[in-house]
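> build me a model from this:
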Amino acid sequence: MSRVLARIPRDRVTVALAGVLGAGLALRIWFLFVWSPALVGYSDSGVYFQDSIQSVWTDPIRTVGYSMFLRVLHGISPHLIFVIIVQHLLGLVTALLYFLAVRRCGGPRGLGLAPAAIIALGGDELFIEHSALSDSLFIFLVAAMLYCAIRASQGRAWWAALAGLLAGLSVWDRAAGLVLVVAVVPWLLFSLGRPTRRTLALALLSLVVWGATVEGYVQWRHAQTGLSGLSTNSPWNLYGRVAPWANCSKFTPPAGTTELCEYAPASQHVLHSAGAYIYGGSSPAVKLFGAPYLISKYPNAMSLLQKFSEAAILGQPGEYLHAVWLDALRLFNSERQSYSDLSAKELIAYLLYGPDLHTGLNEFVTSWQVKLYPSDPPPNHGDVGPFVELERYTRIEGWPMVILLALALAAPLLAIGRRARSGATLFALAALLLIFFPLFANGFDFRYVISAFGPLVAAGAFGAWGLLVRLRPLVQRLRAKPQAAAG
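All right, here's what the predicted structure looks like:
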């Protein structure tokens, strides 16, 4: 033991990791003192509080794993600040998991410091962890799943089962977790470059456990409510994707959906964003089917909404791809205009100050918060200016996003060694799915992008390392030419 302790000061990577985690811990403690118990401006927090009081199955548009999470923590300590402390600790564990996952893929030992730093020190991660939202739990589940998948490819089969379990639990937390199985199962199958009996067994084991976990949620929900599927009102998300530009003169709306054609063509729309069409009182779908957070009394409402959205995409593929393109551009500048919702600045303002981005009032959240946490002391809202500045300087968009995406895409080719290329492929695949799936199925919201930062930076680190290794001989030759000429 004494020998291990004696080595620590000389191990620069270990010292750097301790510094990153220590600085991350200090930032989180500071945030807890400045703003407590939590950031509750976002209206989704009220939904989770409501579900935790009534039934976790109350919300028909979301999966409710986060409400279950709140109930478990409430049983330990009935105070909201305890939830935030746990989420901050999960954030630090997430940073450590990315470091360990990258380290297991080979390459320089310090390579994992990059994703660890963006999780431990990134402003967006801090704000998400400090909010009563499902994102911090989802980000942890993604990191743990990726770590277990890498361990499965190099060790015992039960790691594959654990990866499948975590991928399934991510679906309990957020339906977007469905895309993670698309990353993990094929990657396990081809993790050695070509399928073998062992990789086939690992992939099948992970898939079976994932399927059982998701089906367990579905059956539990059905037993408690009589409802089928992960959620009842999920077609609202796709409707929000197509409604701002859907023009019924260019496609034939399915029977029973003609009233959804109220605002067409797009240039005449009164509403502009996906959120307005899902939640706004003037939305034609809300007028026809009722609010998305209620189960509609209209016969086959969600089936009709799904069919209308699919007909709009098939009838106007150009407009659909154009809308996706506008959202893709917002990855590099979230302030650009598109049919979608919150930019980075708007997200932070929403978390801090509520729907009007100014007053800090969100009566819906407050009404349920005081019922769930009646013993909490009055909130403390201090100066968060330093954290807002930290978010601005550590935000991944613009040229950093361009460079990271390019390096992540090239990482499976640039990384040195089979293990490194395999790991880089997994990180890149997970990041790309987390970034682009919402653009096609829902629309841009900077909140969704944050969950991809860990795997994106991990893949980018592998790409940067491989590029530097390959450029080093070229740089040495260029330096040698003037010296040879001088000699």
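
> can you give me phi and psi for residue 335?
phi -80, psi -10 (degrees, to the nearest 10).

> look up the pLDDT of it for me, please.
Residue 335 carries a pLDDT value of 94.

> count of neighbours near the residue lying closest to it once chain neighbours are set aside?
Leaving aside its chain neighbours, residue 335 sits nearest to residue 343 (5.0 Å; criterion: Cβ to Cβ, 6 or more residues apart in numbering). To be clear about C-beta, it is placed using only N, CA and C from the backbone, and glycine gets the same treatment. Counted with other Cβ atoms under 10 Å, the neighbours of residue 343 add up to 20.

> over to residue 301?
Using other Cβ under 10 Å: residue 301 sits among 19 other residues.

> on that earlier part again, who's in contact with the residue nearest to residue 335?
Applying Cβ atoms under 8 Å, 6 or more residues apart in numbering, one finds that residue 343 lies in contact with 330, 334-335, 446.

> measure it to residue 333 for me?
Counting by Cβ to Cβ, to the nearest Å, the gap from residue 343 to residue 333 is 9 Å.

> repeat for residue 339
For residue 339, the distance to residue 333 (Cβ to Cβ) stands at 16 Å.

> and if you look at residue 87?
For residue 87 relative to residue 333 (Cβ to Cβ), the value is 29 Å.

> so if I had to pick from these two, which one is more boxed in?
residue 87 (24 against 12).

> circling back: just give me the closest of the contacts of residue 343 to residue 225.
residue 446 (32.5 Å; Cβ to Cβ).

> how near is the closest one to residue 360?
For residue 446, the distance to residue 360 - Cβ to Cβ - is 20 Å.

> these two: which has the busier surroundings?
More crowded of residue 446 and residue 360, by other Cβ under 10 Å: residue 446, with 22 against 13.

> give the contact list for that one.
Here residue 446 is in contact with 124, 330, 334, 342-344, 346-347 (Cβ under 8 Å, 6+ apart).

> again, but for residue 308
Contact analysis of residue 308 by Cβ under 8 Å, 6+ apart lists 239, 242, 246, 253-254, 257, 260.

> which of those residues has the largest number of neighbours?
Sorting those by how many neighbours each has (other Cβ under 10 Å) puts residue 246 first, at 29 neighbours.

> and that residue, what pLDDT?
Note on residue 246: pLDDT of 91.

> next: residue 2.
So, for residue 2, pLDDT stands at 57.

> need the residues that contact stretch 161-169.
Here stretch 161-169 has contacts from 65, 141, 144-145, 148-149, 152, 177, 180-181, 184, 188, 205-214, 216-217, using Cβ under 8 Å, 6+ apart.

> dump the contacts of residue 343 into JSON lines; add secondary structure and distance to residue 71 as well.
Shown next, in JSON lines, are the contacts of residue 343 (DSSP: H, G, I helix; E, B strand; the rest coil; distance: Cβ to Cβ, whole Å):
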{"residue": "330", "secondary structure": "coil", "distance to residue 71": "35"}
{"residue": "334", "secondary structure": "coil", "distance to residue 71": "33"}
{"residue": "335", "secondary structure": "coil", "distance to residue 71": "38"}
{"residue": "446", "secondary structure": "helix", "distance to residue 71": "28"}
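
> nearest to residue 134 among those?
Using Cβ to Cβ, the contacts of residue 343 come closest to residue 134 at residue 446, 15.5 Å.

> next one: phi and psi at the residue nearest to residue 335?
Backbone torsions of residue 343, given as degrees, to the nearest 10, read phi -80, psi 180.

> tell me, how many residues neighbour residue 69?
Residue 69: 22 neighbours (other Cβ under 10 Å).

> which ones are touching it?
Neighbour list for residue 69: 137, 173 [criterion: Cβ under 8 Å, 6+ apart].

> and the strands in the protein?
35-36, 380-381 (DSSP state E).

> pairing partners for the last one, with directions?
Pointing back at strand 380-381 there. Sheet pairing of strand 380-381 (DSSP bridges) gives strand 35-36 (antiparallel).

> run through who's touching the strand it pairs with.
Taking Cβ under 8 Å, 6+ apart as the rule, strand 35-36 contacts 81, 84, 130, 379-382, 384.

> tell me how far residue 469 lies from residue 295.
Residue 469 is 57 Å from residue 295, by Cβ to Cβ.

> quick one, which of these two is more surrounded?
residue 295 (17 against 14).

> show me what contacts the closest residue to that one other than its chain neighbours?
Excluding the flanking residues, the one nearest residue 295 by Cβ to Cβ, 6+ apart is residue 60, at 5.2 Å. Listed by Cβ under 8 Å, 6+ apart, the contact set of residue 60 reads 227, 231-233, 292-295.

> mind putting those residues into CSV with distance to residue 276 and pLDDT?
As requested, the contacts of residue 60 are exported to CSV (distance: Cβ to Cβ, whole Å; pLDDT from 0 to 100):
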residue, distance to residue 276, pLDDT
227, 27, 90
231, 21, 93
232, 22, 92
233, 17, 93
292, 12, 93
293, 15, 91
294, 18, 92
295, 22, 92
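
> among these, which ones are buried?
Neighbour-count burial (16 or more other Cβ atoms under 10 Å) applied to these gives 231-233, 292-293, 295.
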